[in-house]
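Visitor: dropping a prediction and its sequence here:
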Amino acid sequence: MDTKTWLYISLIGSLTILLTFFILRKPFLKIFLKKPVDYRTQAEKALASLLNYLLLLLGLTIALLFSPFVNIPNINKPDIVINKITYKLDIITVAELKTVIMSLVIIGIAYTLCQLVNILKQEMLTDDFPYPLLQNPLSIAIITNSLTFVIILLSSALVLIPFTAGIEKLLIAIGLTTAFFAVILRNSIRSIFRSLDIMLDNPFAKGDWISFGAYEGIVNDITFKSLKLQQLDGSLIILPNSVLTNCDITNWSKFTQRTVDFMISFTSSSNTTLESITELMDNIKQDLEAQESIQKGSIAVYLDSFATSTVTIKIVYSTDTKDPLIYYQLKGDMNLKILSLIEEKDLSIINTQAAPYI
């Protein structure tokens, strides 16, 4: 058999083998793949896809071994001569082919494991999940993303193993891989630790009314990397968890009541009498008591201090509402009524001072 005939037979045989394995994957899918109606069959779908991928890799390996491009020991494959120049076709060694195929196998397994982690994430969000303590969005995000990170890290290190020799070089490869991900994902790692803090401390949950720094609103969602906060004006902002690192978080939803505490100073004149000041305080107290959302036992209106031409009264009341819009609406309505009562007494406000925690 001359070289050209052998080359044609070898190439056609390799393509035939590869095409055969490619065609066989369709009946293979029909055997192992069912309609994904629940998470178990979704996992079966992911595993079936992995098996089909491995089947294709097996076909590719056999096809390459049959081709003229792989140098197999003890098997002499003829060279090709073109214009009196000899070319060696078996330029790939069996060891090199094995390294490439094993790396592709590791990548395929790692990808499937990441798919299974995503399926686990979906199952943890269902009511049938047997561990309800792990069903808050932040715990789910931390667990699933940490598993994904470990899978990617270990698979990257395993791909590097064939290019190393000895445990020392293997440890170096793992260390370099870890350092690489640490540099590339340093912001994500910072968010991971802050997310762990949030999960362990549990300072707030989805739907809570919180405030920190310059932000205040309702927690819309908590993820592994960020916090979605619906502000009081209705806008939705997404903040990285690292923003919460140096902030004091106030969870108003965990308060049994929220107190409004402030002082008003206004000028007094010769026409200002003790009776008018007393009447003003009584009127303010009556308006506060008329509000159903204000706790009756929390109301206090009293004379705090006075000077030659100024009088300062202190106003305190509490509400048990956990809705920020209702709270601010109530506070605004009461402020307007208090201002109206002061104007009726022909008094001029010169200063207001809120308590530090308002």
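Guide: Happy to help now that I have it.
Visitor: which residues sit in contact with Ile350?
Guide: 265-267, 310 (Cβ atoms under 8 Å, 6 or more residues apart in numbering). All C-beta spots, glycine's among them, are computed from the backbone N, C-alpha and C.
Visitor: from those, which two are the most distant?
Guide: Ser265 and Thr267 (8.3 Å; Cβ to Cβ).
Visitor: please identify which of these two sits among more neighbours.
Guide: Ser265 (18 against 12; other Cβ atoms under 10 Å).
Visitor: for the more buried one, helix, strand, or coil?
Guide: strand (DSSP: H, G, I helix; E, B strand; the rest coil).
Visitor: which strand residues bridge it?
Guide: Thr312, Asn351 (DSSP bridges).
Visitor: right, and it touches Thr310 too?
Guide: Yes - here Ser265 lies in contact with Thr310, judged by Cβ atoms under 8 Å, at a distance of 5.4 Å.
Visitor: related to what we said a few turns ago, and for Ser265 and Thr267, which residues touch both?
Guide: Joint contacts of Ser265 and Thr267 (Cβ under 8 Å, 6+ apart) are 310, 350.
Visitor: quick one: the helix or strand where Leu51 lies to chain centroid distance?
Guide: Element membership for Leu51, per DSSP states H and E: helix 39-66. Taking the mean of its C-alpha atoms, helix 39-66 sits 31 Å from the chain's own mean (Cα atoms, centre = their mean, to the nearest Å).
Visitor: mind giving me the packing neighbours of it?
Guide: Where contact means 3 or more Cβ pairs under 8 Å, 6 or more residues apart in numbering; DSSP states H and E, helix 39-66 is packed against helix 3-32, helix 94-124.
Visitor: report the rounded mean pLDDT for stretch 313-329.
Guide: Averaged across stretch 313-329, the pLDDT comes to 87.
Visitor: ok, residues contacting that stretch?
Guide: 209, 216-218, 232, 252-253, 255-264, 277, 280-281, 284, 288, 293-295, 298-304, 330, 334, 338.
Visitor: could you do stretch 92-111 as well?
Guide: 50, 53-54, 57, 60-61, 64-65, 69-73, 151-152, 154-155, 158-159, 162-163.
Visitor: kindly check the end-to-end length of stretch 280-299 for me.
Guide: End-to-end span of stretch 280-299 (Cα to Cα, to the nearest Å): 15 Å.
Visitor: tell me the mean pLDDT over that stretch?
Guide: 89.
Visitor: how about stretch 143-162?
Guide: On average, stretch 143-162 scores 81.
Visitor: again, but for stretch 234-248
Guide: 80.
Visitor: then the helix or strand that contains Leu160 to PDB, C-alphas only?
Guide: Leu160 is part of helix 137-160, with elements assigned from DSSP H and E. Once non-C-alpha atoms are left out, helix 137-160 reads as follows in PDB (Å, rounded to 0.1, in the frame of the first residue of the first chain):
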ATOM      1  CA  PRO A 137     -31.500  33.900  50.100                       C
ATOM      2  CA  LEU A 138     -28.100  34.900  51.500                       C
ATOM      3  CA  SER A 139     -27.300  31.400  52.900                       C
ATOM      4  CA  ILE A 140     -28.300  29.800  49.600                       C
ATOM      5  CA  ALA A 141     -26.100  32.300  47.700                       C
ATOM      6  CA  ILE A 142     -23.100  31.700  50.000                       C
ATOM      7  CA  ILE A 143     -23.400  27.900  49.900                       C
ATOM      8  CA  THR A 144     -23.900  27.500  46.100                       C
ATOM      9  CA  ASN A 145     -21.300  30.200  45.100                       C
ATOM     10  CA  SER A 146     -18.700  28.800  47.500                       C
ATOM     11  CA  LEU A 147     -19.200  25.300  46.100                       C
ATOM     12  CA  THR A 148     -18.900  26.700  42.500                       C
ATOM     13  CA  PHE A 149     -15.700  28.500  43.500                       C
ATOM     14  CA  VAL A 150     -14.200  25.400  45.000                       C
ATOM     15  CA  ILE A 151     -15.100  23.300  42.000                       C
ATOM     16  CA  ILE A 152     -13.500  25.800  39.600                       C
ATOM     17  CA  LEU A 153     -10.400  26.100  41.900                       C
ATOM     18  CA  LEU A 154      -9.800  22.300  42.200                       C
ATOM     19  CA  SER A 155     -10.500  21.600  38.500                       C
ATOM     20  CA  SER A 156      -8.100  24.300  37.500                       C
ATOM     21  CA  ALA A 157      -5.400  22.800  39.700                       C
ATOM     22  CA  LEU A 158      -6.100  19.300  38.400                       C
ATOM     23  CA  VAL A 159      -5.700  20.500  34.800                       C
ATOM     24  CA  LEU A 160      -2.300  21.800  35.800                       C
END
